[in-house]
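Novice: just coords:
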C-alpha cells in the first residue's frame with residue numbers, strides 16, 4: 001500500500017451504489033463465474049464503479065463491492081491499490097497514462113513525459129490546477145511494437161515522439177478528440193514501409209497446393 005494515494009475523508013462520499021443499469025451489468029459479470037467463485041468478478045466490478053464515479057473509486061465503492069461479492073473490504077482494496085488502472089482519488093478529466101517500461105523507454109518515453117511537462121506544466125503523479133489533466137507513469141500497456149505510447153481513457157496513442165505527444169495534448173486542451181492509434185502514419189502494427197512479405201495471395205498455396 002506504500003505510495004498509494006487515497007482521497008482524504010472530506011472527498012469521500014458517505015455511500016455508493018450501482019445505478020440499475022450498472023447493477024445489471026455487474027450481475028452479468030458475476031454470472032460468468034461458477035458458484036463459489038463470484039469474487040473473481042471483483043476487477044470488472046471495480047471498473048464499472050470507477051466509470052460511474054467520475055473515474056475514481058471512493059472507499060464507499062470498495063465496501064459496496066465487498067458486500068456485493070461477500071469478501072472482506074481489505075481484499076477489494078488490495079486489488080484496487082495494486083493496479084494503476086484504478087484510481088483511489090480524483091484524477092483529471094483527461095487521465096494521461098504514459099508507459100515507461102523498457103520497450104517504451106528505449107524508444108523515447110522520456111520525450112513523451114517531457115512533452116507532458118512542456119504542454120501541461122505537470123509531471124508524473126501530478127494534476128493540472130484546472131483539474132483537466134492528470135499524468136502518471138504506468139507499466140507495460142501491451143503495445144510494445146508501437147512504442148512509445150500512452151493511454152487516454154480507453155484509447156491508445158502509439159508511435160509517439162515529443163512533437164506528436166504535444167499535438168495530442170494541445171488538441172485535448174482545445175476540446176478536440178485526437179484520433180487514437182499510431183501517430184506516425186503506420187497502419188496498426190505493420191512495418192512503417194509497408195508489407196515486405198506475404199504481399200500476394202495464392203489460393204492454391206493456401207489450400208495446400210504448390211506455391212510455385
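Specialist: Right, received. Where do you want to start? These figures come from a predicted structure and were not determined experimentally.
Novice: Pass me the low-pLDDT residue ranges in the protein, would you?
Specialist: Per-residue confidence for the chain (pLDDT under 70) gives these ranges: 1-4, 201, 203-212.
Novice: For it, just list every one of the helices.
Specialist: Assigned by DSSP state H, the helices in the chain fall at 20-30, 42-52, 59-69, 73-82, 102-106, 109-120, 162-173, 203-206.
Novice: Take those helices and lay them out in TSV including mean neighbour count and distance to residue 147.
Specialist: The C-beta positions use only the backbone N, C-alpha and C, and glycine is treated the same way. Output for these, formatted as TSV (neighbours: other Cβ atoms under 10 Å; distance: least, Cβ to Cβ, whole Å):
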stretch	mean neighbour count	distance to residue 147
helix 20-30	14	31
helix 42-52	19	25
helix 59-69	19	33
helix 73-82	17	24
helix 102-106	16	4
helix 109-120	19	7
helix 162-173	18	13
helix 203-206	10	32
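Novice: Just send those back as CSV, with distance to residue 180 too.
Specialist: Formatted as CSV, these follow (distance: least, Cβ to Cβ, whole Å):
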stretch, distance to residue 180
helix 20-30, 24
helix 42-52, 18
helix 59-69, 28
helix 73-82, 26
helix 102-106, 16
helix 109-120, 15
helix 162-173, 9
helix 203-206, 33
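Novice: Which among the ones you listed is found nearest to residue 179?
Specialist: Nearest of these to residue 179, taken as Cβ to Cβ: helix 162-173 at 9.3 Å.
Novice: what residues go with each domain of the protein?
Specialist: Using automatic domain parsing, the domains assigned to the chain come out as 9-82, 94-182.
Novice: Put together JSON lines for those domains, with distance to residue 189 on each row.
Specialist: JSON lines is the format used below for these (distance: least, Cβ to Cβ, whole Å):
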{"stretch": "domain 9-82", "distance to residue 189": "25"}
{"stretch": "domain 94-182", "distance to residue 189": "5"}
